[in-house]
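1. 3D, please:
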Amino acid sequence: MSTPPLIRETTRVTARLSTLDRFLPLWIIAAMAAGLLLGRFMPGLAGVLGSVKVSSVSLPIALGLLVMMYPVLAKVRYNETGHVVRDRKLMAASLVINWLAAPAFMFALAWMFLPDLPEYRTGLIVVGLARCIAMVMIWNGLACGDREAAAVLVAVNSVFQVLAFGALGWFYLQLLPSWLGLPTASAEFTFWAITGSVLVFLGIPLAVGFLARTLGEKARGRDWYENAFLPRIGPWALYGLLFTIVLLFAL
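-> You can find the predicted model right below:
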């Protein structure tokens, strides 16, 4: 009996993955466990990690995030992003999903499942307002998605986050609950803290990735850049991911 085409294709794709990519769920679970063990047996680690901060984030964690972002953004062909910006349907769909549907959905989940746990409920609502930067790029890369589209959409939603986060937080934590006769809550976040985080964790790796692509292709050509340089730095994205997970769970 011949092997079905879908299974053959799956086997072919899996065979192309490196050991690091193929067993990524296992490495993530191991990183979570390692972080929990570090936090358990090194109780002073949290103080050390929090002693130096970049835009309200621990410096070691910030470095892990930057290492994770740089290889992904270095892969983007920035001269081919124009078609994404011109795709109005894609841009509109992204904004509607991220800023209308997602916050409303998380608000509903929070009140359905955590009505008597205000701290967790508030946290879930705030997560619904926080557009992820680093992980979006990592998962898009693993899925062989459109890197140019991902970079543009992450940038656009990050700018929108700077402009809208505070207002939406006030709406979903105070105004809407008061309209529905529910208890209100508050969360401390400032415009400048959000702006600083976006500039540090998107702006820096985006600038470095753009310079790497521009200068690398100018010096050695696209063939060398994409077939020699990028494979060399590619694994560092997942190294940075695992390092960051260890530190986060240690906290």
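2. Can you show me the CA trace of stretch 234-241 as PDB?
-> Provided in PDB are the C-alpha atoms of stretch 234-241 (Å, rounded to 0.1, in the frame of the first residue of the first chain):
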ATOM      1  CA  GLY A 234      19.100  31.400  12.700                       C
ATOM      2  CA  PRO A 235      19.400  29.000  15.700                       C
ATOM      3  CA  TRP A 236      20.100  32.000  18.000                       C
ATOM      4  CA  ALA A 237      16.400  33.000  17.900                       C
ATOM      5  CA  LEU A 238      15.400  29.800  19.600                       C
ATOM      6  CA  TYR A 239      18.400  30.000  22.000                       C
ATOM      7  CA  GLY A 240      17.200  33.400  23.000                       C
ATOM      8  CA  LEU A 241      13.600  32.000  23.400                       C
END
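3. can you give me how far it is from the chain middle?
-> With C-alpha atoms, centre = their mean, to the nearest Å as the basis, stretch 234-241 stands 13 Å off its chain's centre.
4. what's the answer for stretch 33-46, then?
-> From the chain centre to the centre of stretch 33-46 is a distance of 24 Å (C-alpha atoms, centre = their mean).
5. Now that stretch: buried residues?
-> In terms of neighbour count (16 or more other C-beta atoms under 10 Å), stretch 33-46 has its buried residues at 34-35, 38-39, 45. (Each C-beta comes from the backbone N, C-alpha and C, glycine too.)
6. From those, pick the one nearest residue 139.
-> residue 35 (20.1 Å; C-beta to C-beta).
7. check which helix or strand covers that closest one.
-> Assigned by DSSP states H and E, residue 35 falls within helix 24-41.
8. Run through who's touching that helix.
-> Under the criterion C-beta atoms under 8 Å, 6 or more residues apart in numbering, residues 20, 45-46, 142, 238, 241-243, 245-251 lie in contact with helix 24-41.
9. ok so, going back, can the buried residues of stretch 33-46 go into a markdown table with extra columns for distance to residue 138 and pLDDT?
-> Shown next, in a markdown table, are the buried residues of stretch 33-46 (distance: C-beta to C-beta, whole Å; pLDDT from 0 to 100):
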| residue | distance to residue 138 | pLDDT |
| --- | --- | --- |
| 34 | 19 | 96 |
| 35 | 18 | 95 |
| 38 | 22 | 93 |
| 39 | 23 | 90 |
| 45 | 25 | 85 |
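10. Mind putting the residues you listed into TSV with distance to residue 27?
-> Output for the buried residues of stretch 33-46, formatted as TSV (distance: C-beta to C-beta, whole Å):
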residue	distance to residue 27
34	10
35	12
38	16
39	19
45	21
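11. Tell me how many other residues crowd the nearest residue to residue 157 once chain neighbours are set aside.
-> Spatially, and ignoring its direct neighbours in sequence, residue 157 is nearest to residue 131 (4.6 Å; C-beta to C-beta, 6 or more residues apart in numbering). Residue neighbour count, defined by other C-beta atoms under 10 Å, stands at 20 for residue 131.
12. Check the secondary structure at residue 131 for me.
-> State at residue 131, reduced to three classes by DSSP: H, G, I helix; E, B strand; the rest coil: coil.
13. quick one: it and residue 159 touch, right?
-> No: counting by C-beta atoms under 8 Å, residue 131 stays clear of residue 159, with 10.1 Å between them.
14. sorry, back to before: out of the contacts of helix 24-41, which are inside helices?
-> Counted as lying in helices by DSSP state H, out of the contacts of helix 24-41, are 20, 45-46, 142, 238, 241-243, 245-250.
15. ok, the residues you listed vs residue 58, which is closest?
-> Ranked by distance to residue 58 (C-beta to C-beta), the ones in helices among the contacts of helix 24-41 are led by residue 247 at 7.1 Å.
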